[in-house]
Structure formats: structure tokens, C-alpha cells
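3D, please:
(chains A and B)
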Amino acid sequence: MSDTPRRQRWLRHGGLAVVVVVMTAAAAGCGTSASSTADVLPLPRISTLDGLVIDGEKIADKTVYDAAAGGSVSLYTTASQQAEDFVSERFTEETGISLTFTRLATSKMSERIQSEAGSGRLGADVIRLTDPVFAAKLGEQGVLVPYDPPSKADLLASDAMRPGDPVITCYYAAYAFAYNNRVVQPQDAPSRWEDLLDRRFSGGLLGVVRPFGSGASLADFGLRNFGEQYWREMAALQPRVFDSVSVQTEALARGEIAVATFPAHAAYAAERAGAPITFVTPEDVGVSAPLNVIGMTEAGLRNPAAQVFVNWTMAKSSQRFFAAQGYIPARAGVTPVRDGQFDLPTVGSPELQIFSLEDQRARKDEVLETWNAAFGFTASK
Amino acid sequence: MTIADPRSGQLTVERPSGDRPAPKTRRRRGRWVLSGPLLLVLAFLILVPAAFVVVAAFTTNTPRPGSSLGSFTFGHFAILGEGTFVSGLINSFVIGLCGTVLALLIGGSLAFLAARSNVPLRRFVFVVGLMPLFLPSYVGALAWSMMGSPRAGLLNIAFRDLGLPFSVDLYSMGGTIFVLALFYAPYPFLMIHSAMSMMNPDLEDAAAIHGGSALRMLREVTFPLAMPAILGSGLLVFVLILENFPVAQVLATPGDVETLPTFLYQLMNDSPVRGNEASAIAIVLVAIVAAVTLLQRRALAKRSYTTVSGKGVRVRRVALGRWRWPALAAVLVYFALSIVLPILTLLLTAVKRSAYMESFSDLLAPGAFDLSVFSQVVNSNLFETVTLNSVGVSIAAAAAGTVLAFLVAYSAYRTRARGANLLEGVSMVPLAIPAIVLGMGLLWTWLFMPVPLYGTLGVLIIAFVAVQMPQGLRSMASAIRATDRDLEDSAVMLGAPRPKAVTYVTVPLMRVAFSSTFLLLLMLSMRELTVPLFLYTSSSNILSIAIFDQFENGGALQQAAALSVIYVGIMFVLSYLPRRFGGQTSV
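Residues are numbered from 1 along each chain as shown, chains lettered A, B, ... in the order given. This is a model prediction of the structure:
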């Protein structure tokens, strides 16, 4: 092949590559800079004159805070990616300490943590889990170790922490339902749990997420309040059954389904992204509230930055930050930030039906079996 | 000197005449010189993780570090009798078979058009054949779900807008087969193209001289000669489709079509993970794939497929006559379905302010678009890290994988080395083990290994080489079977040591195959998702995981779509590496 066609080809190919790179660079240059979390909730008052104090609450004394400066925290999490993105950004904004997180679904994360811990190579300082039973197991195995944040007294009073227990409840998720407000007009929107059984949502307009091991909270909620019949009647409507909230969110946002059982934090994230999704806090029996828990590892205990992170997580200002994203603060006395659409119940109110660690241990298998039988699934333990 | 092995019909190695005959034992030992070290490497890369999977299938506990194995049991195999498993397996077989046939038809036709016909814009046809590799199947599946879902699919919205009485529903077995075939067609395309573009035209010339029509020549000479590539890619595609999770999850599950991968996903999604039962299923899959591979080897062993010699290789082009332009039109339809429409859908999703759309006229409303999402994605802290990690890991894994695949293919098909069948069998093991189960095996392996690789990019490179070994080997094996060894042997007879002859004769002859294999492995590494899920850490995060996280997040659909478009752009740019430095002469 002669040089000329080769050069022409290279110019053509190289030119195309350059176009793609330039387009990417242009996209990078023409917009706003990285987002801040101030639009989720305005930043609190921060003082670092004597340790770290946020909104008047001591997060870390001077020794710990100085030792943590310039450090970083490694978090393993099964919580929502977007929530952890916000947390990571906010924590660094407020404390100057960097946080990196590894997020996986509960099942994969549990395998990974146990394998890493078993080989002595656990890469996490702090672990946040949506499965409190697994967290308790990690506590029993010594993977999570007891740690007392400065807010310990408040946390004990709120039942978010027990003496000597390494597992701390950091917030509750709130599960109820949501609808696409372009497909369902507000006057036709469901407002009570029984409205989901209306025939107008039959034939694939209703979506539900299939509960797996740690996700039995909502299935239990239905059984507790309405009996087995509730899930059977729902199954008779032939709803779309999803394996993950994310795929269901996408279907609801696009109007492929009209209504779905839904967590408030996912509705917040979707609404923020421009999806026409309205979350409903039901009028009748409230919402189902599974626990999200946090714990410190041995490595974390030796890392001042990890100590600051756990302290910060349980501080009132951070709890408000979680509330702003559709979670329910675990610490009593922290009021929900959002009003109107979410209007979520607080800890202690009868509308907040917490699926506790004891509930999970006692009923999880039976609950999943009943739900799977109602919906015609067999492959679950 | 070369002689034909009467049992296999393949060419085998003999020492150049004049060499002192080696004692029997030394010759035996010599037959392990290449295959022995290769077997060791493959055992390290593949067999150790696979052994963990086997152990998990027969013990009450999973073999993770720090925990006891429990007791021996066959109990996990009881899952094979579960109704959901059986129906999932049957559906997956149907989807696999139909998808493979369709992918072979598409890929084979494109390969023929690009390599052996006078279709207009042949270079473009080549690019079209490759391009779906740039779109990971889960991104493609989501794009097609957005296009072809029954209520809110963009195609259905367009039909409604135009007042047409059509509707499409991809939430079905048919939809799943269609999308899988679209995205797996590049495998047969690459391998068949490689075989066809290296093919010596002597036999075809002979057929033409003896009065055979073009069609008959293709039927009786060209396609039979490309049979190793056709069968090899068919096997590859069948198994990959059988195990493909994202497309099945996004398109089959909503249509109530149970499949094997979604069943496995449910096992692996349970808490605690039902890894033992998943491993038992993996063992059965390994047996099935081993049987199919054996059948394929037997089918190919009956004949010789040598088509590339050192002589003039100006490939014969078939004149399409009045079918030239219709053929190009068919290529354009495939291009539109596999690339243009999915990318336009992702672009629209990225820049559309609202995820909901009732009519395309909604896009005319003021403020309907928001382009800032691209800058948000590119300016995010994560973007630079994951992009550099992905590119670095993929190039390293593709380079190492290509060299290893060549050495294994050479050893298995070019020498009388001992353990040739074993080499090929071991290389094919990762294909048979579902990625999600193999991912766990790799995690356990690298946590047990007393080398500080876990948590680094190095472990991802090693894992990618292991997982993609079957694809690399199939690509190299079909090429090496088609390459004549006369020139290499001549070089040896003239005094060149064998490695030098391979380096300066065989490798240049196989330049197209090297470039195709590297490209294939590069794209696969860029797309690899399931295995790194178990191995990545925050410091070794890669692009595919970042996109998956965004999609998994539900609310970040716009960002996920924007990142996917950029991702496809990066893969497109990367694809120029092998095409620039590799075998472009055939296209």
C-alpha cells in the first residue's frame, strides 16, 4: 500500500477520533462546574476553632479533628448510589476530609465483606448496610467493633443504638407508593394502600419490586396491616414485578407503569432528575420503614477520619441532610425537612412501622415465602 | 518438512531432516515445552477460580477465606429439579439457539460483504459490523427498552404521532432474541471476516474455472472453508447469549419469560447469597459447554481448513450485480437498529429534561432540553479516574489476552504438544461458568493468594484475561487453522529457530487475526461489568461500573445515558488502535 492512501486514511481516522475527543472536551467545558449539595439542604454553620462543631454540636474534639485533617475514609455501602454521592460530597464540604465509597447490592457486598474480612484484607473503615441482620452478624464476628459517637446519649434514647452494640441505625428508609403524575391525574391518584388494588391499575400498570432477603420490610408491612389477602389481590391485578427499584423507577418515570410501591428516597432522586414521579404518604396506616445501619471496623477505629465520619453521620445537621433526601432520621428530635409531598412520619409515630432487627429475625423467611407464594414465585429461601 | 496427521487431517510438526533423532524420553519431555508452562499459567488464571466454584457446589458452605467448608453434599444439585430452573433453562436454550442463528446470519452476511464482495462502501460495512461491540449489552438493552416498551416506547410514541396502526412490544421472547442477535453479531462478523479476508483464492478460482456459478462457489467452497470460524463463533455466541443477564432482565423478565441468567441472578441476589446452588448450576453448564466444544472439535477435525498460504493473497471478490445497493441498504438497516437508534435514544434521554414523553411534539416545548448533563458528568470527580482506569486495564488485558490466546492456539493446533486438548478445554472453562459465579471464584482466589494484588488494577487485568480467554482463543484458533504453515517450516529448514520463524513469518501472516482479537478483547474489557463488580474498589473503579451504578440508581437516568454516550465515544476512539496498527490491508 502506498504512503499517500495510508496518510489519507490516518488523517480521516485520526480526524474522527479528534472530533470525538473535542466534542467530549467541549461538553466538559461548556457547562457548570461540579454540583454542590447546597440545593439539597443549605450548608450548616461550621466552626473549627476548637475541634469540629457543626450547628453548635461538637462532632470531633481538637485532637481527633487535627489528626483526621488530610486523611480519608473508605466506606463500603449498600445504600443508594445517589445518596452516597451526596454524603461523600457533603462530608468533604463540611469537614475537609475526603470520603471514597464502594457500593454494591446487599448480596454481593455481604459476600465481599465476609471474604475480605476472612483473609484479613477488609478495605473498609466504615460499613453502611441495608440488611441489619447481616450487620449484626458482622458485629458478632468482630468485623464491626463498638464505637461511641459523641451523640451516644441521644442515640440510646432514640433506640438507634444499644450499649456495647457496634451497629448503629443511621436512618430509616420510607416505603409506600408513588405514581407518574403525567399518566395519573392528581384527582385519580391513590392515597390509601387499598387504592393500589383498584382494577384500573390492572394489566401491568402497577409495579412492585420483588423482595429478596433483606427487602422483606414492605412484604411484612402488607401482611401485618392487611393480611395475606392483600398481596394475593395485588398479584391478581397482574402487576409488573421488578427485580430492582432502579429499573422500576425508570419504567415509572417513562409512564410504562402508572403506579408502584416505592421508597421515598428514590422518589426524591427521580423527581430531582426531572421525572414526573409523585410520592404518596398513605392516609391510612403509614409507611414501612426498614433500617439502614452503620458500623465501624477495626481499621476505622484506628483512623481519626473514620471517627469523624461516624460522628458526623449521627450529628443532627447530617440527620437533617438525610431527611432532605427522603429518609427518616434515626435520631429523635430531628424533624423532617421537606414538607408537602413527602410529609413523612417521624420516629415514635404510629405511622412509621419499623421493620426491626428482631422482626427480621423472627419473620423474614415466613414473610418472603408468603409473598412469593402470592405472586407465584418459587425460587427463594 | 511437514506431513499430514492421518487421524486428524491437520498438519503436524516434524523436525527438519538432518537433525539427530532425540531419545524417546527427551522427545516426550520436549512436547511439554510450550504446553506445560501455558497449562500452568491457565491453571493459575482459570482453574483455581473454577476450582473454588466446584468446591462450592459440593460443600455446605462457600469456600470463602476464613470460613469452614462445612460438609460434603450433593444437596445443591436438587435445584436442577426446580420448575423455575427447568423452564428458565428451556427458554434460555430457545433464546440461545434462535439468537445464535440470527447473529450468525447477520454477522456472516456482513463479513462476506465486507471481505469478499464488491458492495459499495466496504470500509463502512466493516465498521458497521464492528460497531455494536462499542455498546455494552446492558446499555443496548436499556436503550431498546426505552424504544420498544409497549406503552412508553419511543417507537410506539412515534407510531401514535404518525397515526400508524402499528405497535411493537420488545418485552417478549422475540424481542429478547432480536436484541441479543443485534448485539452479538459482531462476534461471528469478526471471526468470519478474519477467515474470509485471509482466504487464498486458489480453490475459488478453480471452482470458477470449472464453471461453478458464484453462488455455488460460495456454497461449496467459501463458506465451508470458513466453517471453523462459523462454528467457533456460533458456539461462542450461543453460550454468551445463554448466559446474558442484562438483556434477559430488561426485556424478558417484563414479558414474564423466565430465563437461566435471571434465575441465577435471583439466587445471587438473595441474602445470604445462594452461591452453592449457583455453583451447582455452573457445573452443569460447564458439562454442557464441554460437550458442545467436543462436538465442534470433532466436526472440524474431519477436514483441513488451511486457506492462508504465503503466496499471493489478493482475495477474490464476488460481484453482487444488481444486489449491490440492496445489500448496502440491508447493512444500513442493521446500522440503524444496532447503533443509530440506541445512541439517539441515549442522547435523547440524556438531554431531555423530563423522562416522560407523550408525543414527540413535547420536544418542541421551551426548555425541553438540558445539555448541561454532559458537563456535569465529565466534570465529576469520578470521570477522569474511571476513564483512565478503564482504558489502561483494557489495553493491558487485551494485549496480554491476545498473546496468550495465540500461544494456546499455536500450541493446540500447530504442534504435537502434549495436553493440546486440555489447553483448549481449560481455556474454554470461563465461557461455561456464568460470570457472576466466576466473579466470586476470582474474588476468593485473589484473597487467598499471598500476593498483594487484590484491590489493585492488576487484579482486574488478570481477571479480564481469564474471563475473556475463550473469546480470544476462538478468534485465534480459527485464524491459525486457516493459516498455512509452509513458510514457517521453510524458515526453520533454512536454519531459523522455531520462535524466530513464528515471530517473523506466522505472526505477520496472521496480522489481521491479531488485530481482530486485540480489538475484540479490548472492547470486551471495556464492557466487562459482572466480574469487576466483585473485585473493584473505590481506587480501581472503572467506567462500566460507574455507568451501572448510575443506571442502578434509578434517578440518575440522564447522567447514566450521558455517560453511556461518552463511553461509546471512547470505545469508538479506542477501536482505532488495532485498526491503525493492525491488519487493515484486507479491508
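
CA only for contacts and neighbour counts going forward, please
OK.

chain center to stretch B:340-350, what's the gap?
24 Å (C-alpha atoms, centre = their mean, to the nearest Å).

in the chain, where is pLDDT below threshold?
Looking at chain A here, since you left the chain open. Flagging of chain A using pLDDT under 70 yields the residue ranges A:1-35, A:213-214, A:336-342, A:378-381.

that's the wrong chain, I meant chain B
Checking chain B against pLDDT under 70 turns up B:1-30, B:200, B:300-315, B:552-556, B:578-587.

the residue positioned nearest the centre of it: what's its closest spatial neighbour, skipping adjacent residues?
The residue lying closest to the centre of chain B (C-alpha atoms, centre = their mean) is B:Gln471, at 5.1 Å. In this structure, B:Gln471 finds its nearest non-sequential neighbour in B:Leu236, 7.0 Å apart by C-alpha to C-alpha, 6 or more residues apart in numbering or on different chains.

now name the helix or strand holding the one you found.
Per DSSP states H and E: B:Leu236 is located in helix B:227-243.

what comes into contact with that helix?
B:92-93, B:95-97, B:99-101, B:103-104, B:108, B:180, B:184, B:187-188, B:191-192, B:195, B:260-261, B:289, B:292-293, B:296, B:300, B:305, B:431-432, B:434, B:470-471, B:474-475, B:478-479, B:481 (C-alpha atoms under 8 Å, 6 or more residues apart in numbering or on different chains).

tell me the buried residues within those residues.
B:92-93, B:95-97, B:99-101, B:103-104, B:108, B:180, B:184, B:187-188, B:191-192, B:195, B:260-261, B:289, B:293, B:296, B:300, B:305, B:431-432, B:434, B:470-471, B:474-475, B:478-479, B:481 (16 or more other C-alpha atoms under 10 Å in any protein chain shown).

of those, which belong to helices?
Using DSSP state H, the subset of the buried ones among the contacts of helix B:227-243 located in helices is B:92-93, B:95-97, B:99-101, B:103-104, B:108, B:180, B:184, B:187-188, B:191-192, B:195, B:260-261, B:289, B:293, B:296, B:300, B:431-432, B:470-471, B:474-475, B:478-479, B:481.

distance of the residue nearest to the centre of chain B relative to chain A?
B:Gln471 is 26 Å from chain A, where distance means C-alpha to the nearest C-alpha, to the nearest Å.

name the residue of the stretch 151-300 of chain B that lies nearest to chain A.
B:Ser271 (4.3 Å; C-alpha to the nearest C-alpha).

show the contacting residues for A:Gln114.
So A:Gln114 contacts B:64-65 (C-alpha under 8 Å, 6+ apart).

leaving out chain neighbours, which residue sits closest to A:Glu94?
A:Ile46 (7.1 Å).

A:Gly207 in helix, strand or coil?
Three-state assignment for A:Gly207 (DSSP: H, G, I helix; E, B strand; the rest coil): strand.

next, count neighbours for it.
Residues near A:Gly207, counting by other C-alpha atoms under 10 Å in any protein chain shown, number 30.

that one against A:Gln238, yeah?
No - A:Gly207 is beyond contact range of A:Gln238, at 9.2 Å (criterion: C-alpha atoms under 8 Å).

the strands in chain B, which residues?
Assigned by DSSP state E, the strands in chain B fall at B:2-4, B:11-13.

also the stretch 201-350 of chain A?
Assigned by DSSP state E, counting those that start in this stretch, the stretch 201-350 of chain A shows strands spanning A:206-209, A:240-242, A:259-263, A:277-280, A:287-297, A:328-329.

hey, which of those strands is tucked in deepest?
With neighbours defined as mean count of other C-alpha atoms under 10 Å in any protein chain shown, these peak in mean count at strand A:328-329, which reaches a mean of 29.

backbone torsions only: list them for A:Leu138.
phi -60, psi -30 (degrees, to the nearest 10).

my guess is it meets A:Asp131, correct?
No - when contacts are counted by C-alpha under 8 Å, A:Leu138 is not listed as touching A:Asp131 (10.9 Å).

who's more crowded, these two?
Neighbour totals were compared for A:Leu138 and A:Asp131, and A:Asp131 leads with 24 against 21 (other C-alpha under 10 Å).

enumerate every residue touching that one.
So A:Asp131 contacts A:106, A:214-215, A:291-293 (C-alpha under 8 Å, 6+ apart).

that one and A:Gly215: what is the separation?
Counting by C-alpha to C-alpha, to the nearest Å, the separation of A:Asp131 from A:Gly215 is 8 Å.

just confirm A:Thr100 is within a strand.
Yes - A:Thr100: assigned to a strand according to three-state DSSP.

for it, give the beta-bridge partners.
A:Ser74 (DSSP bridges).

quick check: the residue of the stretch 251-381 of chain A nearest chain B.
A:Ala270 (3.9 Å).

and that residue, how many neighbours?
25.

got it, and B:Ser525?
That count, for B:Ser525 with other C-alpha under 10 Å as the rule, works out to 26.

next: the one 10 residues further on.
Here the count is done by other C-alpha under 10 Å, and B:Leu535 has 24 residues near it.

quick one: residues contacting the closest residue to it other than its chain neighbours.
Residue nearest to B:Leu535 in three dimensions, not counting chain neighbours: B:Leu443, with 6.2 Å by C-alpha to C-alpha, 6+ apart. By C-alpha under 8 Å, 6+ apart, the residues touching B:Leu443 are A:112, A:115, B:534-535.

can you tell me how far B:Leu443 sits from B:Leu371?
For B:Leu443, the distance to B:Leu371 equals 40 Å [C-alpha to C-alpha].

just B:Asn269 next, same as before
Distance of B:Asn269 to B:Leu371, computed by C-alpha to C-alpha: 36 Å.

compare those two (neighbour count), which wins?
Remark: of B:Asn269 and B:Leu371, B:Asn269 carries more neighbours, 22 against 16, as counted by other C-alpha under 10 Å.
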